[in-house]
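[1] got a sequence here, can you model it:
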Amino acid sequence: MTHRTLTPRPSRLDKASFIAGFGDIYEHSPWVAERAWESRLDERHDTPENLAAVMGRMLAEADADSQLAVIRAHPDLAGKAAVAGELTDDSTREQAGAGLDQCSPEEMARFERLNAAYKAKFGFPFVMAVKGSDRFAILDAFEVRLENDPAKERRTAVEQINRIALFRLQASAKS
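    Below is the predicted model:
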């Protein structure tokens, strides 16, 4: 598989330019990009996959409170912010791509119930990289992940956020 090169090349950017260009990859959390830049990027990090790996490592190695802040920056899937049109452009595209904008009233009610149960149990929103999924698979994942313990679910949410970041970087390399 050939990997595309990001433009501009991340390894050639100064700190401010890097954060301006990649600070929104992690929902409202530019500190992830800042730490990635500070890790001394080189030309190997000019592909979406390798940049995602270093950025993902920054989140995975962060303390639990920082991870929770990134998780909590994500909107509920098919939640009130989506209905009100208050999502970031990336989140809007991602949720629409999974058909979450086409839920029946019964499906919306199920999403609302599951979002509430999930937040009550874990204290943060359910996060899933929805690319390639549909609303039925997402609802099923909700049910399964509600059985996790809080530590496992925090790790799962971080893994899903890192997948979202990879998808966003891959999409930016294609445009």
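[2] nearest spatial neighbour of A52, chain-adjacent residues omitted?
    L166 (3.9 Å; C-beta to C-beta, 6 or more residues apart in numbering). For glycine as for every other residue, the C-beta is placed from the backbone atoms N, C-alpha and C.
[3] residues contacting that neighbour?
    L166 makes contacts with P48, E49, A52, G56, as judged by C-beta atoms under 8 Å, 6 or more residues apart in numbering.
[4] next, count neighbours for D42.
    Neighbour count for D42, taken as other C-beta atoms under 10 Å: 11.
[5] wait, doesn't it sit right on S11?
    Yes. Counting by C-beta atoms under 8 Å, S11 is a contact partner of D42 at 5.2 Å.
[6] quick one: which of the contacts of L166 sit in helices?
    Taking DSSP state H as the definition of helices, the contacts of L166 contribute P48, E49, A52, G56.
[7] between those, which is nearest K119?
    G56 (24.3 Å; C-beta to C-beta).
[8] what strand or helix carries the nearest residue to that closest one once chain neighbours are set aside?
    Among residues not flanking G56 along the chain, N162 sits closest, at 3.7 Å (C-beta to C-beta, 6+ apart). Assigned by DSSP states H and E, N162 belongs to helix 150-174.
[9] F126 in helix, strand or coil?
    Judged by DSSP: H, G, I helix; E, B strand; the rest coil, the three-state class of F126 is coil.
[10] could you pull up the residues touching the residue nearest to it when sequence neighbours are not counted?
    Nearest residue to F126 in three dimensions, chain neighbours excluded: Y118, at 4.6 Å (C-beta to C-beta, 6+ apart). The neighbourhood of Y118, defined by C-beta under 8 Å, 6+ apart, consists of P125, F126, F142, R145, L146.
[11] helix or strand for Y118, which one?
    Counting by DSSP H and E, Y118 is found in helix 105-122.
[12] rounded mean pLDDT for that helix, please.
    For helix 105-122, the mean per-residue pLDDT is 94.
[13] quick one: whatever helix or strand comes next after that helix to helix 150-174, angle?
    Downstream of helix 105-122, the first helix or strand assigned by DSSP H and E is helix 135-145. Orientation check (axes from the mean of the first three to the mean of the last three C-alpha atoms, to 10 degrees): helix 135-145 against helix 150-174 gives 150 degrees.
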